[in-house]
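Asks: Sequence unavailable; structure follows:
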Ligand SMILES: C[S@@+](CC[C@H](N)C(=O)[O-])C[C@H]1O[C@@H](n2cnc3c(N)ncnc32)[C@H](O)[C@@H]1O
């Protein structure tokens, strides 16, 4: 009998392997880079006005690729100002990669890094227990809200930590992406456990509206090359399929019928476009910038 389907996060090594493969096969970071290059300077134009120190909190900062880019923009806007960059990140492996990246990067003399090896909720609980409510000039939560248990409460908490001219940046998959189509249709067949949930900008906007928060949305077009998912026996294809379905060894553990339906869905125009013999999954992201 086939083993039961398990959420990918139950196997942290396989999760990281599939996440890194996803980064290599998608324009995920390129579209974020473009957003940071083109829009961030304007968005953060006043976060540090009149300050000698700027406090930035990165929640789920991963290996720091995008964090360092953000820091370079803040440095360019506020030359010479001291920046405290705190990172809340539960994965020791990601933190090690982040530290290696910092060590290899020049021009970070005015940035003080502090890593907290904990989840967003653990950070909140620790701050509450210590009766601290440190305020921040910029908080970002990039592609991490899927992994918190209570999304509205998490947003409310971090929003409450914003200084008066601060901004909260959230990036999640767009309600117009292939993710939305795949997960709306098959999400209930995937093993979510309580480790992660599906959220797109469509759901996020509803949460922000009911909390009465003010925000702007930017769409970041992006795709993921999933051609290898259709090559029988391809190890990369299997890992990408795991990432798409958040399932450990989806190919081996999903029922043949579910697998057939998912593979068929992935090729549909609502999910992917075929170009030059490649299947390109619509990985469009939304960047949501929330006011204090
Ligand atoms: C998809 S990665 C995104 C990393 C990075 N922000 C980026 O865009 O490259 C999600 C990150 O969130 C972290 N994470 C998972 N659960 C979390 C939680 N409950 N609180 C904070 N971070 C979490 C993971 O360890 C991982 O590094």
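Replies: Yep, that arrived. Remember, predicted model here, so these are calculated numbers, not experimental data.
Asks: Could you look up the SS state of residue 146?
Replies: helix (DSSP: H, G, I helix; E, B strand; the rest coil).
Asks: and if you look at residue 55?
Replies: strand.
Asks: With residue 279 instead?
Replies: Going by three-state DSSP: residue 279 is strand.
Asks: Just give me the neighbour total for it.
Replies: Number of residues near residue 279 (other CB atoms under 10 Å) recorded here: 19. For the C-beta atoms, the positions are set from N, CA and C on the backbone; glycine is no exception.
Asks: Next, work out how far apart the spatially closest residue to residue 204 that is not a sequence neighbour and residue 28 are.
Replies: Leaving out its chain neighbours, the residue that sits closest to residue 204 by CB to CB, 6 or more residues apart in numbering is residue 172, at 5.8 Å. Applying CB to CB, to the nearest Å, the value for residue 172 to residue 28 is 12 Å.
Asks: Same check on residue 177?
Replies: 11 Å.
Asks: more crowded one of those two?
Replies: residue 177 (27 against 23).
Asks: Check that one and give its pLDDT.
Replies: We have a pLDDT of 98 for residue 177.
Asks: Residue 200 is in contact with that one, correct?
Replies: Yes - counting by CB atoms under 8 Å, residue 177 touches residue 200, with 6.8 Å between them.
Asks: Around the ligand, pick out the residues from this structure.
Replies: 19, 59-62, 65-66, 88-91, 94, 119-120, 142-144, 147-148 (CB under 6 Å from any ligand atom).
Asks: do that again at 5 Å, thanks
Replies: Within reach of the ligand by CB under 5 Å from any ligand atom, the chain has these residues: 60, 62, 91, 94, 119-120, 142-144, 147-148.
Asks: Identify the residue nearest the residue of the chain found nearest the ligand in space, chain neighbours excluded?
Replies: Closest contact between the chain and the ligand, by CB to the nearest ligand atom, is at residue 62 (2.6 Å). Excluding the flanking residues, the one nearest residue 62 by CB to CB, 6+ apart is residue 94, at 5.1 Å.
Asks: Quickly find the element holding the one you found.
Replies: helix 92-104 (DSSP states H and E).
Asks: what does residue 46 give?
Replies: Here residue 46 is assigned to no helix or strand, by DSSP H and E.
Asks: what number of residues lie near the residue lying closest to it once chain neighbours are set aside?
Replies: Of all residues not flanking residue 46 in the chain, residue 165 sits nearest, at 4.9 Å (CB to CB, 6+ apart). Residue 165 is flanked by 17 other residues according to other CB under 10 Å.
Asks: please renumber so the chain begins at 838
Replies: Okay, residue one is now 838; in that scheme the one you just asked about reads as residue 1002.
Asks: Would you confirm that residue 1002 contacts residue 886?
Replies: Yes - if you go by CB under 8 Å, residue 1002 and residue 886 touch, sitting 6.2 Å apart.
Asks: how about low-confidence regions in the stretch 888-1037 of the chain?
Replies: Judged against pLDDT under 70, the stretch 888-1037 of the chain has no low-scoring part.
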